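>>> Following is a predicted model, sequence given first.
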Amino acid sequence: MSASKTYHHGNLRQALIDTAIETIAEKGVNSLSLREVARRVGVSHSASYRHFADKEALLAAVAEEGFLGLTQALTTALQNRLETTADCSLERLQASGIAYVKYAFDRPEYYRVMFGSGAIDRSRYPSLQNASQQAFQVLVDLVIAGQNAEKIRPGDPVKLAWVAWSLVHGLAMLAIDGQLPISETHEIESIARFTTQTLSEGLSNLLTKKV
């Protein structure tokens, strides 16, 4: 729904979320206000309060939707991997890393809200916490599967997942902040492929067996 259209019927809560995302894409997170979003949707400020108590609650809903989208992007990439080639734990880990970076690059307005510093007190929003954990659990499960197949080095799978997450998150932030000399999706996919391949080699159990 375009932000310039007046809201008439349907799901007002989703309309507010969609318009918030559009506003963030245009002006940034700091410029977002619940009053402005309500005006763009075409409803009164008081009508928006029926769904969101304040700006933070609206941002929490945006972040939750972003994490759900990220989880879907990761699981889709893994499913596509299984359909096109034989299962390999390290290659599946790499596929998830590429999907992660591409998601952030293609949807920076979501990503900035998902990982914005101090914008949301997550302890107030259990459904957001759950959505965030679901996305991270995809990575943890990949590490565990790799360890069970003796393809990924032994160790705490959560800590190893943190290592993998830190790498792809850092790359994603550099990309969406314009700190890398890339501007197209195929370029970010190429650098993500190289980066995640390096990560996979670092986590490989073959290295520990040589020691």
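Sure thing, it's come through.

>>> Report the contact partners of Cys71.
Careful, residue 71 is Thr; it's not Cys. Going by Cβ atoms under 8 Å, 6 or more residues apart in numbering, Thr71 touches 131, 134-135, 138. C-beta coordinates here come from the backbone N, C-alpha and C atoms, glycine included.

>>> possible to save those residues as CSV with secondary structure and distance to Glu150?
Shown next, in CSV, are the contacts of Thr71 (DSSP: H, G, I helix; E, B strand; the rest coil; distance: Cβ to Cβ, whole Å):
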residue, secondary structure, distance to Glu150
Ala131, helix, 32
Gln134, helix, 27
Ala135, helix, 26
Val138, helix, 21
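
>>> in terms of contact, does Thr185 touch Phe105 like I think?
Yes: using Cβ atoms under 8 Å, Thr185 is in contact with Phe105, at 6.7 Å.

>>> Where does the prediction get shaky in this structure?
1-10, 83-87, 117-118, 205-211 (pLDDT under 70).

>>> domain ranges for it?
Under the assignment automatic domain parsing, the domains of the chain span 12-48, 57-210.

>>> Looking at Thr185 and Phe105, which is more packed in?
Counting neighbours by other Cβ atoms under 10 Å for Thr185 and for Phe105 shows that Phe105 has the greater number, 22 against 11.

>>> wait, doesn't Arg112 sit right on Met173?
No: look at Arg112 against Met173 with Cβ under 8 Å: they stay out of range, at 9.1 Å.

>>> okay, the two: which has more neighbours?
Comparing Arg112 with Met173 by other Cβ under 10 Å, the one with more neighbours is Arg112, at 21 against 16.

>>> Spatially nearest residue to the more buried one (excluding sequence neighbours)?
Of all residues not flanking Arg112 in the chain, Val29 sits nearest, at 5.7 Å (Cβ to Cβ, 6 or more residues apart in numbering).

>>> what about that neighbour, neighbour count?
By other Cβ under 10 Å, the residues close to Val29 number 16.

>>> Tell me how far it lies from Ala131.
According to Cβ to Cβ, to the nearest Å, Val29 and Ala131 sit 18 Å apart.

>>> try Ala172
Using Cβ to Cβ, one gets 18 Å for the distance from Ala172 to Ala131.

>>> One more: Gly202?
With distances taken as Cβ to Cβ, Gly202 is found 29 Å from Ala131.

>>> Could you do Leu180 as well?
Distance of Leu180 to Ala131, given as Cβ to Cβ: 28 Å.
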